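K.L.:
From the sequence below, what's the structure:
(chains A, B, C and D)
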Amino acid sequence: MVALSTFVQRELRLLARQKADWLNPVLFFVIVLSLFPLGVGPEPNLLRLMAPGIVWIAALLSVLLAAERLFKDDYRNGVVEQLVAARQPLLSFVLAKLFTNWLSTGLPLVLLSPLVALLLSINSAEFVAMLLTLLLGTPLLSLLSVMGAALTVSADKGGILLALLILPLYIPLLIFASSAMEAAAMGLPYHGQLAIMLAMLLFAMALIPLAVISALKLNVS
Amino acid sequence: MRPIFTVVDSQILVITPQPYPVPTDELLLHGAGLCCIRQDRVLFEQLDFRVHAGELVQIAGKNGAGKSSLLRILAALVAPDDGSLYYRQQPLTAVASDYAANLCYIGHQSGIHEQLTALENLSFWRSASGIAKADDFALLAELGLAGLEDIPCRMLSAGQQRRVSLARLWFTRRQLWILDEPFTALDQTAIAMLQQHFAEHLQQGGAIVLTTHQNLSMAFTRQTTLELAYRW
Amino acid sequence: MYFQSMTEFWAMGGYGLFVWLSFGITYALLAVLTAYSHYQHKQFKRQLSARLAREQRVKQYQEQVK
Amino acid sequence: MFKWLHPYAKPETVYRLCGRFYPWLMLSGVALLALGNIWGLAFTPPDYQQGDSYRIIHIHVPSAIMSMGTYSAMAIAAFIALVWQVKVAQWSVTAIAPIGAVYTAIALITGMAWGKPMWGTWWVWDARLTSELILLFLYLGVIALSGAFSDRQTGAKAASLLAVIGVINLPVIHFSVEWWNTLHQGASITKFAKPSIDPSMLWPLLISILAFKVLMLALVCLRLRTAILQNEQHRPWVKALVEE
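P.N.:
Prediction:
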């Protein structure tokens, strides 16, 4: 493995220099969340009922927003191409991208969850469930969106295409995450849902980096 | 087959290229019957291509003749539509990792991230090619970039960016260099310096494949020119 | 034939709209897909022969110039 | 392992084989569909619960089964394309995807038309309908991705990769939707029951399923021929073919 740390360092440095890349999606998440009460009315019970769906759909959209640009710069300036030619460093590059993508978009969502709980009048039991599902779910979300971004990096039209690719793959995560939050709201155990989410995450962690590598390879060919 | 240029992770501070084995005429890369089809055009077909150790191969031709496409095939980025490649007499697909470990490919795009400084870009490529940290200030100064080391590369001119990109050639220990338009945007002194460096690399048994529009101003001991015709 | 008359057959026991809608749309979609695939095939052959003719003209022109 | 397939994987051979099979497949597909549907529509007794509306089964079930079957066929082609780099397999992925999308659309529309008299609304978030909808998204993703690149070859490769990823995910999606459905709606919705079907109804249904399968093969032959021509347009045999 070629020095993973230097790759991570490079990505972090880039994030520090291009703050809009990760601040905008986080801001977008908060905006979407605050738009929902304006749309459906500020009734606390209604909001609490809808919270799981709202949180997870907003999370999906903001992560997709961040993922779209993930490989664009490095594709345009030839870094991807030259790393593919060099073969060996490609895995480190992909892992660094995945890790920093979660760090810059998934982690802020986890950190913002107390704010979400306030906005959507969620009680403490549900909040814990939301925190846990976000912790387990956002890495999976990052993995999926990075894969979509890698598949479409040389495509003529990005945006909507990325959403279309990711959407069906994202559905199991949406179902189990929101069901865990609903179970928590009703005072039921939700270990089962968390276990399934963990299983999906581990499965994705094993396979998706390989899919990303082959996606990058075919995009430079 | 064991690669001759193994990457050694040592703590050297000054770049001392490892002495290459005795320069030989060993056939490094051989393409037989290569064919490339892009979009709806046959760029070339039945192309035979040989690169020996110590040889510089210049690929010339008009825009759109398929120079870059040929380089991308040679760099194993794209599979040829027909024909096959051999690295040291072995099919490339069988020894792909060995080949990649002995190859330095710099494409049409520089591989320089504009938000990073010259130093950061260089140290990225250093670790990507598995080489220990060294004094990049000296190297950049040698390339005429003194005082520009820690400025984001987007502030540099096109020629300066190209120099940062090519600085990799001064520390890489790969035997085969594949360079797409290395002279673009460079001024006369930089071109001369680069050619001087090419000569040193060839002397040590390295091999270079490059595309360029202009003729090389320096004469190399072993130089081949391949002219690609534009085809309809 | 299970039905007593043609009218009864078309009525489908009161479900005529849904039954014939489904069957109609199915046949229409299959027909459109088949026709479109045929059209694509023909269209491509036309394009290709046009391109070959164009290349022929270029060759002729180049030979005249020589 | 696939060595014996290689001579047949030559594009020109595949093109000729497809051309030879296509008319027969198409004719027998149409004949089987006519036979199965007329039998099912006119010569079987109505269901004692659903009346004559159940006759939609003769296209809904075949299209639903074959929408899944087509996806697995596409995924197998994609797998072969990725692992053995067989170009014909790559092109067949892009040729198959629209057929699967049309089958899925048929399954969805007929499901809705069946649901209206049964449930009183056109759309219910029933497990099978929802799965079909997601399957449609998967197909649309493959189609959109294959057309999103300026280079046709890249598009075909990307579509193959996506098809393989999709088929790995399909069981997960299917079971999660099923689970979600039982969680939220329980037994309040009567799903499409799987009744112990009377043999008199079963035969026309089986014939219709076969008809959809044969039609799929016919359409694959037709579309693959176009794809082969598009990708091989520089080969002498294609030029000779067009010029004759």
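
K.L.:
rest of the way, CA atoms for contacts and neighbours
P.N.:
Will do.

K.L.:
For the longest helix belonging to chain B, could you pull out the residues that count as buried?
P.N.:
Counting residues, the longest helix in chain B under DSSP state H turns out to be helix B:188-203. In terms of neighbour count (16 or more other C-alpha atoms under 10 Å in any protein chain shown), helix B:188-203 has its buried residues at B:190-192, B:194-195, B:198-199, B:201-203.

K.L.:
What is the neighbour count of the closest residue to D:Asp151 other than its chain neighbours?
P.N.:
Nearest residue to D:Asp151, sequence neighbours excluded (C-alpha to C-alpha, 6 or more residues apart in numbering or on different chains): B:Gln39, at 6.1 Å. The local packing count at B:Gln39 equals 11, with neighbours defined by other C-alpha atoms under 10 Å in any protein chain shown.

K.L.:
What of B:Phe137?
P.N.:
By the measure other C-alpha under 10 Å, the count of residues near B:Phe137 is 17.

K.L.:
Now do the residue nearest to it when sequence neighbours are not counted against A:Thr6, distance only.
P.N.:
Closest residue to B:Phe137 apart from its sequence neighbours, by C-alpha to C-alpha, 6+ apart: B:Glu149 at 7.0 Å. Separation of B:Glu149 from A:Thr6 (C-alpha to C-alpha, to the nearest Å) stands at 18 Å.

K.L.:
just to revisit the earlier point, could you report the pLDDT at the residue nearest to B:Phe137?
P.N.:
Turning to B:Glu149, the model gives it a pLDDT of 82.

K.L.:
so what's it up against?
P.N.:
By C-alpha atoms under 8 Å, 6 or more residues apart in numbering or on different chains, the contact set of B:Glu149 is B:117-119, B:137, B:140.

K.L.:
Assign it to helix, strand or coil.
P.N.:
Assigned state for B:Glu149: coil (three-state reduction, DSSP: H, G, I helix; E, B strand; the rest coil).

K.L.:
Look at the residue in chain B that chain A sits nearest to and say how many residues are nearby.
P.N.:
In chain B, no residue comes nearer to chain A than B:Gly111, which is 4.4 Å away by C-alpha to the nearest C-alpha. Here the count is done by other C-alpha under 10 Å, and B:Gly111 has 25 residues near it.

K.L.:
Would you state the helices of chain D in chain order?
P.N.:
Under DSSP H, chain D gives helices at D:11-42, D:57-84, D:87-119, D:127-146, D:152-185, D:199-231, D:236-243.

K.L.:
can those go into JSON lines with extra columns for mean pLDDT?
P.N.:
Below are these laid out as JSON lines (pLDDT from 0 to 100):
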{"stretch": "helix D:11-42", "mean pLDDT": "91"}
{"stretch": "helix D:57-84", "mean pLDDT": "92"}
{"stretch": "helix D:87-119", "mean pLDDT": "91"}
{"stretch": "helix D:127-146", "mean pLDDT": "91"}
{"stretch": "helix D:152-185", "mean pLDDT": "87"}
{"stretch": "helix D:199-231", "mean pLDDT": "90"}
{"stretch": "helix D:236-243", "mean pLDDT": "82"}
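
K.L.:
between the ones you listed, which one is nearest to B:His213?
P.N.:
Comparison of the helices of chain D against B:His213 by C-alpha to C-alpha identifies helix D:152-185 as nearest, at 28.6 Å.

K.L.:
Run the chain-centre distance for that closest one.
P.N.:
For helix D:152-185, the distance from its own C-alpha centre to the chain's C-alpha centre is 14 Å (C-alpha atoms, centre = their mean, to the nearest Å).

K.L.:
Would you mind listing the buried residues in it?
P.N.:
Under the neighbour-count rule (16+ other C-alpha under 10 Å), helix D:152-185 has D:152-167, D:170, D:172-174, D:176-178, D:180-181 buried.

K.L.:
next one: stretch D:39-49
P.N.:
Residues of stretch D:39-49 classed as buried by neighbour count (16+ other C-alpha under 10 Å): D:39-41, D:44-46.

K.L.:
D:Leu133 contacts D:Leu108, correct?
P.N.:
Yes. Contact status for D:Leu133 versus D:Leu108: in contact at 7.0 Å, counting by C-alpha atoms under 8 Å.

K.L.:
Looking at the two, which has the bigger crowd around it?
P.N.:
For D:Leu133 versus D:Leu108, neighbours defined as other C-alpha under 10 Å are more numerous around D:Leu108 (24 against 17).

K.L.:
Please name the residues that touch the residue lying closest to A:Tyr190 once chain neighbours are set aside.
P.N.:
The shortest distance from A:Tyr190 to any residue that is not its chain neighbour, by C-alpha to C-alpha, 6+ apart, is 5.3 Å, and that residue is A:Ala180. Residues in contact with A:Ala180, defined by C-alpha under 8 Å, 6+ apart, are A:129, A:133, A:190, A:193-194.

K.L.:
Now the residue nearest to D:Asp151. Its backbone dihedrals?
P.N.:
For B:Gln39, the backbone dihedrals (degrees, to the nearest 10) come out as phi 50, psi -110.

K.L.:
do the same with the one 5 residues further on
P.N.:
Dihedral pair for B:Phe44: phi -160, psi 160, per degrees, to the nearest 10.

K.L.:
now B:Leu103
P.N.:
For B:Leu103, the backbone dihedrals are phi -120, psi 140 (criterion: degrees, to the nearest 10).

K.L.:
what's the burial count for it?
P.N.:
Residues lying near B:Leu103 (other C-alpha under 10 Å) number 22.

K.L.:
How confident was the prediction at it?
P.N.:
Looking at B:Leu103, its pLDDT stands at 90.

K.L.:
Just give me how far stretch A:113-121 sits from the chain centre.
P.N.:
Between the centre of stretch A:113-121 and the centre of its host chain there is 19 Å, according to C-alpha atoms, centre = their mean.

K.L.:
give me the number of residues near C:Gln62?
P.N.:
There are 10 residues near C:Gln62, going by other C-alpha under 10 Å.

K.L.:
C:Lys59 now?
P.N.:
Summarising burial for C:Lys59: neighbours were counted as other C-alpha under 10 Å, giving 13.

K.L.:
Please tell me I have it right and A:Met130 contacts A:Met181.
P.N.:
Yes. Under the criterion of C-alpha under 8 Å, A:Met130 lies in contact with A:Met181, with a separation of 6.0 Å.

K.L.:
List the contacts of A:Met50.
P.N.:
Contacts of A:Met50 were listed using C-alpha under 8 Å, 6+ apart, and none were found.

K.L.:
returning to what we had before: now tabulate the helices of chain D in CSV and tack on distance to chain B.
P.N.:
What follows is these, written out as CSV (distance: least, C-alpha to the nearest C-alpha, whole Å):
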stretch, distance to chain B
helix D:11-42, 13
helix D:57-84, 12
helix D:87-119, 10
helix D:127-146, 15
helix D:152-185, 7
helix D:199-231, 9
helix D:236-243, 12
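
K.L.:
That's all I had, so thanks and see you.
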